[in-house]
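[1] got a structure for you, letters missing:
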């Protein structure tokens, strides 16, 4: 990707009708330039109390500029801040650490005014120096920031200046259709705490998981008070948080947010049923919905249906050229025909029934029907056909040449590869084994290896894998704000991350199309260009998508003032306005 925005989740959505209504509301109400302060909750919230949630994995760092992963992202929602924020319900951009902004006539320069009197949790004044420092760290090549590609336009860095302590001027090197929404990708870090590490070349190691909480500061609604590895994270209310509700009451309402580390989904469910935790951070499994219905009937639990997910699980191969340079399978394993054969070999309807008990819809690309405007029903599809799969495999030299059940190439090398996935996520585990069993029918052997989430992410980033089945979060519905997935140079281009130049002609073509659609034009024109990019991706299938599940979240009825979103984190993206009944 010309290293742009990341791949890398109030209206209460209680069902499909509510979800459809929200989409209609969004389409009829364009994002305002500046939104109003946080509205008061429907019922007067009670100050105090604790929300307890589960997490299946632990943070590997608290440094958002370098750490990738859902838990790291979640922690930053609680403790850090952005100049502007995408409201994940309305999909409108709203002022955050910047209270307002002006736009130049050419639409490329944004002059932002920071809020007056905002301080970090240690009392240090937040100023434009923190913003300049954050950009400096993100763009420093020694840091290797995961946010760099999310804060570039047309392959170039943004130009940032600070005329005074409360003014930041950001200039884009080229037109960019989503405008200031790009800055939702910027997480601001404290200069006074981290400048020495940046100067010393150790920024990437700063605020590691081993850093004492007392050495970190917050500008968000909560501060990290305690981290007990393998047990829990405890966040306390930040008494210096700048935000108030419409009635002038200081936020957040909660005193504490606690995350219990529970790697096993069955153990999570038991804790939710018993009331030991108030919510999960992952979706409710389809097989658990019937189990939870009695608690809903007893008004102890809310079961929120958020519609068809916009973040489907992805299966992909390592397409870095060096991966296969010395491998005897290099003649066929990286070939698109091999991936196309796999797509034909999977019965998506059966996949939905087996893994999600039917609560899912078949898909052939990363944009699901949940993303109504950008979804294309016309992308190339690969109908279920064992015969077509075998035909494609034979076209690249894979045939059954001996008495066993597996295909081989002309040198006798078996059609076999290793798939790694996330241990503790039953949907991904089942998906991996369904894929293994289905590919066995066409003569391909798959060795499934289940890893802890951080270990899997480490393998992904280092390119030490053959194939992966995992999930990824999109930060916006607009693909121009997830360009790090689409562009070859992007940090979210999962099959071959961060290419200096496109490795293939088709990736070069996607780069061209995505930069064109991101540059501007009316929505329908941009949609037509993006449809072309989706077609190129579908033809070359670097990542395979089988189904998009319907998304359910479970939360205790003692928790109120919720603003659920289908983008992760679905509930705690707006943690400062959540309250609990005492």
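    Looks like it arrived, so ask away. Keep in mind the model is a prediction, meaning the values are calculated, not measured.

[2] number of residues surrounding residue 402?
    11 (other C-beta atoms under 10 Å). In short, each C-beta sits where N, CA and C put it, glycine included.

[3] touching, it and residue 443? I think so.
    No: using C-beta atoms under 8 Å, residue 402 is not in contact with residue 443, being 11.2 Å away.

[4] SS state for residue 73?
    The three-state assignment at residue 73 reads helix, by DSSP: H, G, I helix; E, B strand; the rest coil.

[5] which residues touch it?
    The contact partners of residue 73, taken as C-beta atoms under 8 Å, 6 or more residues apart in numbering, are 64, 473, 568-569.

[6] next, the buried residues of stretch 521-541.
    For stretch 521-541, the neighbour count (16 or more other C-beta atoms under 10 Å) marks 526-527, 529-538, 540-541 as buried.

[7] give me the contact list for that stretch.
    The contact list for stretch 521-541 (C-beta under 8 Å, 6+ apart) reads 177, 336, 339-340, 343, 364-367, 373-374, 376, 378-382, 479-480, 486, 504, 506, 509-510, 513-514, 516-517, 520, 543.

[8] first to last residue in stretch 501-509, what's the distance?
    Start to finish, the residues bounding stretch 501-509 are 12 Å apart (C-alpha to C-alpha, to the nearest Å).

[9] tell me how many other residues crowd the closest residue to residue 581 other than its chain neighbours.
    In this structure, residue 581 finds its nearest non-sequential neighbour in residue 558, 4.6 Å apart by C-beta to C-beta, 6 or more residues apart in numbering. By other C-beta under 10 Å, 16 other residues sit near residue 558.

[10] and what of residue 327?
    Based on other C-beta under 10 Å, the number of other residues close to residue 327 is 12.

[11] what does residue 404 give?
    Residue 404 is flanked by 11 other residues according to other C-beta under 10 Å.

[12] against residue 398, how distant is it?
    When distance is defined by C-beta to C-beta, to the nearest Å, residue 404 is 14 Å away from residue 398.

[13] over to residue 578?
    Residue 578 is 54 Å from residue 398, by C-beta to C-beta.

[14] settle it for me: which of these two has more neighbours?
    More crowded of residue 578 and residue 398, by other C-beta under 10 Å: residue 398, with 29 against 26.

[15] for the nearest residue to the more buried one once chain neighbours are set aside, give me its contacts.
    Leaving aside its sequence neighbours, residue 398 sits nearest to residue 407 (C-beta to C-beta, 6+ apart; 4.2 Å). By C-beta under 8 Å, 6+ apart, the contact set of residue 407 is 393, 398-401, 414-415, 442-444.

[16] that older thread, show me which pair in the buried residues of stretch 521-541 is furthest apart.
    526 and 541 (23.7 Å; C-beta to C-beta).

[17] shaky segments in the protein?
    Counting by pLDDT under 70, the ranges of the chain that qualify are 1-43.

[18] longest helix of it?
    helix 523-540 (DSSP state H).

[19] circling back to that earlier point, of the contacts of residue 407, grab the buried ones for PyMOL.
    Of the contacts of residue 407, the buried ones go into a single PyMOL selection, burial set by 16+ other C-beta under 10 Å:
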select buried, resi 393+398+414+415+442+443+444
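
[20] from the contacts of residue 407, which ones fall inside helices?
    Counting by DSSP H, the part of the contacts of residue 407 found in helices is residue 393.

[21] which of the contacts of residue 407 lies closest to residue 125?
    residue 444 (60.2 Å).

[22] residue contacts, the closest one?
    So residue 444 contacts 342, 345, 393, 406-407, 415-417 (C-beta under 8 Å, 6+ apart).

[23] could you give me the buried positions within the strand or helix carrying residue 296?
    Using DSSP states H and E, residue 296 maps to helix 289-297. Within helix 289-297, the residues that count as buried by 16+ other C-beta under 10 Å are 289, 292, 295.

[24] now the first one: how far from residue 57?
    When distance is defined by C-beta to C-beta, residue 289 is 24 Å away from residue 57.

[25] same check on the last one?
    To residue 57, residue 295 is 26 Å away according to C-beta to C-beta.

[26] in this model residue 579 seems to touch residue 563, though I could be wrong.
    No: at 11.9 Å, residue 563 does not count as touching residue 579 under the criterion of C-beta under 8 Å.

[27] just to confirm, which helix or strand has residue 456 in it?
    Element membership of residue 456, judged by DSSP H and E, is helix 453-462.

[28] and the contacts of that helix?
    56-58, 60, 68-71, 420-424, 451, 464-465, 468, 470, 494, 497.

[29] just want the most central residue of the protein.
    For the chain, the residue nearest the mean C-alpha position is residue 473 (1.7 Å; C-alpha atoms, centre = their mean).
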